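S.K.: Quick one, what's the 3D model for this:
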Amino acid sequence: MTKINGTIEAKGIQIRATLDSNGNDYISITDIARFHDPDNPRYVIQNWLRNRNTLEFLGVWEKLHNPQFCQSAFDNLMEQAGLNRFSLRPQQWIFLTNAIGIRSKSGRYGGTYAHNDIAFEFASWLSPEFKLYLIKDYQRLKQLESTHLSTEWNVRRELAKTNYRIHTDAIKENLIPAALPVRYQQQTYASEADLINVALFGMTAKEWRNLHPDSKGNIRDEADVLHLIILTNLEILNAEYIKEGLPQLERLRRLHETAISQLKSVSSTSSAKRLSQEFDN
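M.R.: Predicted coordinates:
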C-alpha cells in the first residue's frame with residue numbers, strides 16, 4: 001500500500017489529506033471545521049457529533065466497513081443523542097465503538113481525520129457550497145495520486161527488469177548443474193530469491209504471505225521504491241558472491257549487512273534497526 005500526503009484547498013482553506021492506493025483516503029475535518037470557526041474547530045466537530053442524524057450516518061458507515069464495530073456501544077450513544085446534556089468528542093466515539101472511519105492524531109500536525117465519505121458528509125453539514133469546492137480540489141489531488149502511482153509502477157518494472165537477468169544468469173551458470181531436473185532448478189532460483197528477501201525484509205516470501213493473507217501481491221509487490229532499489233543492489237552483489245563461490249550463509253550475512261548499511265544511509269535508522277531485529281529473531 002502506497003500513501004500520499006497532500007493538501008486540498010477549498011474557499012481559501014488548506015485541508016490536509018492522506019491518500020492511499022487502496023482507496024482509503026482520510027481528510028482532516030479539523031481543517032474543514034476552520035471554514036466555520038478558525039479558532040475553535042474542535043467545538044464545531046463536537047456539535048456535529050452530538051447530532052442524532054450524524055450518529056446514524058456514522059453507524060451505518062461503520063457497519064458497512066468495520067467488522068469490529070461495537071454495536072452495543074453505538075446503541076447506547078443513540079439512546080442519549082438529542083438530549084441537551086449529550087456531548088461526544090471524536091476520541092470518545094473511536095474508543096467506545098472501535099470506529100475506523102474517524103481518526104484522531106495528536107501533536108503539532110495532528111487533528112481529527114475522517115474517511116472521505118464521512119468528511120464530505122461533514123462538509124455538507126457545514127455548507128453545501130463548501131462541500132462542492134472540497135470535492136473539486138479532492139479530485140485534483142486524486143489525479144496527482146494516480147500519476148504518482150503510475151510513475152512508481154514504471155520505476156518498479158524497470159528496476160526488476162534490469163537486474164533480474166544478472167541474478168538468474170549467475171545462479172544458472174554457477175549453482176545449477178546442466179543435468180538437474182527443471183523442478184530442482186526452480187527450487188534453486190526460489191531459494192536465492194528468498195535469500196535476498198531475508199537479507200532485506202527479514203523474512204521469506206512464504207513467511208510474509210502468512211502474515212498478510214489478504215494481500216493481492218507478494219512481498220516485493222508491496223515494497224516501496226526505496227526498498228526495491230536496495231533489493232536490486234543486493235541482487236547484483238549476490239550475483240558476484242555466487243561467482244566467487246561464497247557459501248549461501250556467508251552471502252546472506254554480507255547481504256544483510258549491506259541492506260542495513262544502505263537503509264541507514266537513505267532512510268531512517270529505525271528502519272535499519274527493525275530489520276536487524278527481525279533478522280536476529
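
S.K.: Contact partners for Phe69?
M.R.: Going by C-beta atoms under 8 Å, 6 or more residues apart in numbering, Phe69 touches 59, 62-63, 97-100. From N, CA and C alone the C-beta is placed, and that goes for glycine too.

S.K.: and of those residues, the nearest to Met78?
M.R.: Closest to Met78 out of the contacts of Phe69 is Gly59 (7.3 Å), distances taken as C-beta to C-beta.

S.K.: Please tell me I have it right and that closest one contacts Met78.
M.R.: Yes. Counting by C-beta atoms under 8 Å, Gly59 touches Met78, with 7.3 Å between them.

S.K.: follow-up on the earlier one: among the contacts of Phe69, which ones are buried?
M.R.: Restricting these to buried positions leaves 59, 62, 97, 99-100, with burial counted as 16 or more other C-beta atoms under 10 Å.

S.K.: From those, pick the one nearest Gly245.
M.R.: Ile100 (52.8 Å).

S.K.: State the pLDDT value of that closest one.
M.R.: Note for Ile100: predicted pLDDT of 95.

S.K.: Please verify my assumption that it contacts Glu62.
M.R.: Yes. Applying C-beta under 8 Å, one finds Ile100 in contact with Glu62, separated by 7.1 Å.

S.K.: and Glu129, what is it in contact with?
M.R.: Contacts of Glu129 (C-beta under 8 Å, 6+ apart): Lys11.

S.K.: Recalculate using a threshold of 6 Å.
M.R.: Neighbouring residues of Glu129 by C-beta atoms under 6 Å, 6 or more residues apart in numbering: there are none.

S.K.: Show the backbone phi and psi for it.
M.R.: Main-chain torsions, Glu129, degrees, to the nearest 10: phi -60, psi -50.

S.K.: ok, residues contacting stretch 51-61?
M.R.: Contact with stretch 51-61 is made by 48, 74, 78, 81-82, 101, 121, as judged by C-beta under 6 Å, 6+ apart.

S.K.: Any chance of a ChimeraX selection covering the buried ones in those?
M.R.: The ChimeraX command for the buried members of those (criterion: 16+ other C-beta under 10 Å) is given here:
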select :48,74,81,101,121
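
S.K.: Fine by me, thanks again.
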